[in-house]
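> Give me the fold of what follows.
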Amino acid sequence: MEEGRRLAVDPPRRSAGGVADRRLLGRIYRPDPRDWSLSRLLEIAEPPDSIRQSTIEQVLAETTYFTDWRSYLVFWRWLKKQQEPAPPAPTDRAPAWELPIQLDQGDTGHCVGFGWAGWVDATPVPGTYQNADAHALYYECKIIDGEPGEENGSTVRSGALALRNRGRVAAFGFADNLTEIDEWINAQGTVVVGTEWTQDMFTPDGDGYVKPTGSVQGGHCYLMLDRLDAEDAYLFQNSWGDNWGQSGRFKIKSRDFEGLLASQGEACCAAELPH
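Residues are numbered from 1 along each chain as shown. Next comes the predicted model:
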């Protein structure tokens, strides 16, 4: 495992990497017409002209941008625009978001809880969620689903709602295409992904790539960390321990991911509250 990365402090009895079959796939596709698109989310979050030239201290002292989630969302967007852009990496428009903790869902289908726990742990607002936190988050999802305690998987949407209930998410939206995903991953943060998972995706090749070929085995939730411009691909972190893939990570070519997104795929982008 790369320097600076570490395993969760509470390893499971059996690593998910030693299972690597459909038992680990617990993402359900159940779209909700109330969900926002990413473009709608950013439209609502657009700061008004009245605060564009203000300092952070002035916004905190003179406005009410912490009174409700819509107001905070505007402040979050404004704060992002005040920050200096990160210098581009030599072969990439933006460096990968950091995620030092490698989670392991063990012999469970709790991937939605783990995908969102990884999102909490990643920059730009890093957290310290461990495996136990991810399992707990899954069971909070099942309460939202109206099926408390069930082991039949959950939705990406329920994961976002569970973290909103915890006060970690201001709002979230779903990207409709790769252009929106690229703009988010390069400037705002990681993306929680839910897609079909095929038989051949269980076994990354020597370069860390998975191919969405073979029969569909179920739905999986995982975390996008970066767009790899030089490879025309995306980098992801899985929740199957460090013995699977490239120390727990894998890549998918852009054209393959576009196909997954078009086949009941989801890419959830969320505004994270400071903690």
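> use CA for all of it now, contacts and neighbours both
Fine.
> For residue 36, give me its contacts.
Going by C-alpha atoms under 8 Å, 6 or more residues apart in numbering, residue 36 touches 172, 173, 174.
> What helices and strands are in contact with the helix or strand where the second one lies?
Following DSSP states H and E, the helix or strand that holds residue 173 is strand 169-174. Contacting strand 169-174 under the criterion 3 or more C-alpha pairs under 8 Å, 6 or more residues apart in numbering; DSSP states H and E are the following elements: helix 38-45, helix 69-82, helix 156-165, strand 266-272.
> worst average pLDDT in the ones you listed?
Lowest mean pLDDT within the helices and strands packed on strand 169-174: helix 69-82, a mean of 52.
> After that helix, heading C-terminal, what element do we hit next?
The first helix or strand that comes after helix 69-82 along the chain, using DSSP H and E, is strand 101-102.
> can you give me the angle the strand holding residue 173 makes with helix 156-165?
Relative orientation of strand 169-174 versus helix 156-165 (axes from the mean of the first three to the mean of the last three C-alpha atoms, to 10 degrees): 160 degrees.
> after strand 169-174, next one along is what?
Toward the C-terminal end, the helix or strand that comes next after strand 169-174 (DSSP H and E) is helix 178-187.
> got the contact list for that next one?
With C-alpha under 8 Å, 6+ apart as the criterion, helix 178-187 contacts 38, 85, 93-95, 175, 190-191, 224-227, 258, 267, 269.
> go with 7 Å
Applying C-alpha atoms under 7 Å, 6 or more residues apart in numbering, the contact partners of helix 178-187 are 94, 175, 191, 226, 227, 258.
> Just the buried residues of these.
Neighbour-count burial (16 or more other C-alpha atoms under 10 Å) applied to those gives 94, 175, 191, 226, 227.
> Which of those sits closest to residue 140?
Residue 140 lies nearest to residue 191 out of the buried ones among the contacts of helix 178-187, by C-alpha to C-alpha, at 20.3 Å.
> rewinding a little: show me which of the buried ones among the contacts of helix 178-187 is closest to residue 159.
Comparing the buried ones among the contacts of helix 178-187 against residue 159 with C-alpha to C-alpha places residue 191 closest, at 12.6 Å.
> OK, contacts around that closest one?
Shown in contact with residue 191 (C-alpha under 7 Å, 6+ apart): 185, 223, 224, 267, 268, 269.
> Residue 234 too?
Residues in contact with residue 234 (C-alpha under 7 Å, 6+ apart) are 226, 227, 228, 251, 252, 253, 254.
> Mark which of these are part of strands, please.
Applying DSSP state E to these, the entries found in strands are 226, 227, 228, 251, 252, 253.
> Return stretch 166-175 as PDB; C-alpha atoms alone will do.
Output of stretch 166-175 as PDB, limited to C-alpha atoms (Å, rounded to 0.1, in the frame of the first residue of the first chain):
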ATOM      1  CA  ARG A 166     -25.900  13.100  10.500                       C
ATOM      2  CA  GLY A 167     -25.200  16.700   9.500                       C
ATOM      3  CA  ARG A 168     -22.400  15.800   7.000                       C
ATOM      4  CA  VAL A 169     -24.200  16.600   3.700                       C
ATOM      5  CA  ALA A 170     -25.800  20.000   2.800                       C
ATOM      6  CA  ALA A 171     -27.300  18.700  -0.400                       C
ATOM      7  CA  PHE A 172     -26.700  16.300  -3.300                       C
ATOM      8  CA  GLY A 173     -27.400  15.900  -7.000                       C
ATOM      9  CA  PHE A 174     -26.800  13.300  -9.600                       C
ATOM     10  CA  ALA A 175     -24.600  13.900 -12.700                       C
END
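> which outside residues touch that stretch?
Defining contact as C-alpha under 7 Å, 6+ apart, one finds that stretch 166-175 is touched by 35-38, 41, 69, 72-73, 163-164, 181, 266-273.
> Which members of the residues you listed are classed as buried?
The neighbour-count test (16+ other C-alpha under 10 Å) marks 36-38, 41, 69, 72-73, 163-164, 181, 266-273 as buried among the contacts of stretch 166-175.
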